[in-house]
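Peer 1: Fold the following, please.
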Amino acid sequence: MDLFASLKEALTEGLIGQIATQNDEKPEKIQKAFDALGASIVGGLIKRVTTESGMKLVFNQVQKIEFEPEQLSKVFKNQAEVDALKAIGEKDFNTVLPGLKSSVSSMVAKYAGTRSSLSSSLCGIMVAIVMSILKRKVSEKRLDAESLAAYLGDQREGLLNTVPEINDKLIESIGIQYLLQNFSVPRTEHSGALPKGIEGAPASKPFLVGVEMDQSQTDYRPYLKWTGIGALVIGVIAAGVYFWNQRELDTSDSETDSTMTEARTIQEPIAKDTTTKEIPAALTPTTSTAGPMVAYLDDAAAIKGKLFKFDNVDFEDNTTQLKATSNDAVQALADLLKKYPNAQIKLVGYANDAQAPLTNKTLSVKRAFALKDAFVKAGISYIRVDAEGRGTGINPKDTTGRKQTAMREVWVKFVQK
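Peer 2: Sure thing, here's the model as predicted:
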């Protein structure tokens, strides 16, 4: 049983109703709050265990908790025990996921439609439940720190399926963009094989910027002199490459113009429009002719917020793997973003080829972030590229009567010029 299934089993319908009554709230709102909290907390733990120190910290905290999921029904009959459970969870939250409680509580409250104070209170309860379930997994599967990290990494798919309607906000607020495509279990010097049934990624250097790394006991002082010389040489080479690229940018305009001439500009509608069938229901074409992205960025008077169909970009069926034919288009846009360092974009993805159990909504989210990862690898700061998946693009609330087609495409919105 995966972690999210275990959470569902622990938070029974009767318990949700009991918590709702005690807090004068609707049961469906409490359920939504717990779903979003579960995804947020598990997402935070997945990110935390991508470093050796974080992995050990999570493992140690899991072993310390003195609480069993079966005790929940008894706990909520006594307010003093409820308060004690919250205190345990909040302590673990601040220890394992420092600095995240405020943003998570705010996001969950907005999603579930609950009071911020209630969302914050439920945070502590949910952390305690998650940690207690993980402690049981450690005991049942005889997991060590590394195999627990691998187990958490395996929950990424479940995370995306739990609250797909807020995946984009959840991913951004927790900061797990890269983890959707890449997950690596840190390995210690004495690492051994993972227990049967636990799939861990091969050992590799953590890919996140600013991660904490435990220092080994090896004395590196004899190598410091050569390290300094190497750094100096690398710096000189990097400076040379930078100035060479700056010179090359001035000669690449004609090539970029040619690449982008086929892009179609569109803008978000101000009012309902029933004149189009083929593009997203939420997007309406401008009355002007199709203009390239280059011309748009060159036009100082053009307003921010324009959208362009990202032509020649597609993925292999039911996967997040970009087709080889997409590489040129991705590189061309990456080069354009390098030329215009103030530009920021949002990738809006649609999918219609998901196969069960994967949903089109989840697939569109994963593809959007896979494409974002491609831009990061091409040298674009992740801060400059946002990503969002909108499923098939069919709006069930559309009452205009127009024909809506399930889409499989990507749009680029310039949120900043």
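
Peer 1: list the buried ones in stretch 383-391?
Peer 2: Neighbour counts over stretch 383-391 (16 or more other Cβ atoms under 10 Å) mark 384-391 as buried. Where you see a C-beta, it was placed from the backbone N, CA and C, and this is true even at glycine.

Peer 1: repeat for stretch 154-171
Peer 2: 154-156, 158-164, 166-171.

Peer 1: same question, stretch 106-113
Peer 2: Result for stretch 106-113 [16+ other Cβ under 10 Å]: buried residues 107-109, 111-112.

Peer 1: one step back: of the buried residues of stretch 383-391, closest to residue 349?
Peer 2: Distance to residue 349 across those (Cβ to Cβ) is lowest for residue 389, with 4.9 Å.

Peer 1: Return the residues in contact with that closest one.
Peer 2: 167-168, 348-351, 361-369 (Cβ atoms under 8 Å, 6 or more residues apart in numbering).

Peer 1: For these, name the two members farthest from one another.
Peer 2: 348 and 362 (15.5 Å).

Peer 1: More neighbours: which of those two?
Peer 2: Legend: neighbour count by other Cβ atoms under 10 Å for residue 348 and residue 362, higher for residue 348 (24 against 20).

Peer 1: which residues touch residue 161?
Peer 2: 4, 357, 359, 362.

Peer 1: Apply 7 Å and report the result again.
Peer 2: Residues near residue 161 by Cβ atoms under 7 Å, 6 or more residues apart in numbering: residue 362.

Peer 1: where's the host helix or strand of it relative to the chain centroid, distance-wise?
Peer 2: In the assignment (DSSP states H and E), residue 161 maps to helix 156-162. Distance, stretch centre to chain centre, for helix 156-162: 11 Å (Cα atoms, centre = their mean, to the nearest Å).

Peer 1: for the record, mean pLDDT for that helix?
Peer 2: For helix 156-162, mean pLDDT rounds to 87.

Peer 1: Mind giving me the packing neighbours of the helix or strand that it is followed by?
Peer 2: Going down the chain from helix 156-162, the next helix or strand is helix 167-174, by DSSP H and E. The helices and strands touching helix 167-174, judged by 3 or more Cβ pairs under 7 Å, 6 or more residues apart in numbering; DSSP states H and E, are helix 27-48, helix 101-112, helix 360-377, strand 385-389.

Peer 1: Which of those sits closest to residue 415?
Peer 2: Closest to residue 415 of the helices and strands packed on helix 167-174 is strand 385-389 (Cβ to Cβ; 6.9 Å).

Peer 1: Do a quick rundown of the strands in this structure.
Peer 2: Using DSSP state E, the strands of the chain run over 265-267, 284-285, 307-309, 344-350, 385-389, 409-416.

Peer 1: quick one, phi/psi of the closest residue to residue 44 other than its chain neighbours?
Peer 2: Distance criterion Cβ to Cβ, 6 or more residues apart in numbering; nearest residue to residue 44, sequence neighbours excluded, is residue 97 at 4.4 Å. For residue 97, the backbone dihedrals (degrees, to the nearest 10) come out as phi -130, psi 60.

Peer 1: Give the closest residue to residue 30 in space, chain neighbours not counted.
Peer 2: Residue nearest to residue 30 in three dimensions, not counting chain neighbours: residue 20, with 4.6 Å by Cβ to Cβ, 6+ apart.

Peer 1: picking up where we left off before, what is the nearest of the buried residues of stretch 154-171 to residue 144?
Peer 2: residue 154 (15.6 Å).
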